[in-house]
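A.B. asks: no sequence for this one, just the structure:
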């Protein structure tokens, strides 16, 4: 089976972009240095992806102190669909791999069944056009 990040990479244009989106799917928000450290990538690369998604409208950011926190833009027309796709990818990802997207010291992400349930809930919401 093709690795899930590689499948997402084909859709979003790069493995880095896919990994940043998966981080946000698990954590709901994050700041560039936290994402870079968690995903073992250069800070400038994480910043570039976050700014790209913000410019596209998928993410929005707010300042908390000196940190710029990025999170999903609820007004983005395809926000729920993107999150449903990521939830589905996470549902089939081994737990140890999902854990690599959580910052150090954070709880390990939910079991696969929890992600499948979340995916179903998001898909049902998307299906109702909410």
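C.D. replies: Sure thing, it's come through. Worth saying up front: this structure is predicted, and the values here are computed from it rather than measured. Numbers count the residues shown, from 1 in each chain.

A.B. asks: Which parts of this structure are helices?
C.D. replies: Per DSSP state H, the chain carries helices over the ranges 4-12, 15-27, 32-39, 43-56, 79-91, 95-99, 112-127.

A.B. asks: Mind putting those into a markdown table with distance to residue 64 and mean neighbour count?
C.D. replies: For glycine as for every other residue, the C-beta is placed from the backbone atoms N, C-alpha and C. A markdown table is the format used below for those (distance: least, CB to CB, whole Å; neighbours: other CB atoms under 10 Å):
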| stretch | distance to residue 64 | mean neighbour count |
| --- | --- | --- |
| helix 4-12 | 26 | 15 |
| helix 15-27 | 14 | 22 |
| helix 32-39 | 12 | 19 |
| helix 43-56 | 15 | 17 |
| helix 79-91 | 21 | 20 |
| helix 95-99 | 25 | 14 |
| helix 112-127 | 26 | 15 |
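
A.B. asks: so which of those comes closest to residue 70?
C.D. replies: helix 43-56 (5.0 Å; CB to CB).

A.B. asks: how far does that closest one sit from the chain's center?
C.D. replies: The chain centre lies 13 Å from the centre of helix 43-56; the measure is CA atoms, centre = their mean, to the nearest Å.

A.B. asks: next one: stretch 18-27
C.D. replies: The answer for stretch 18-27 is 2 Å, by CA atoms, centre = their mean.
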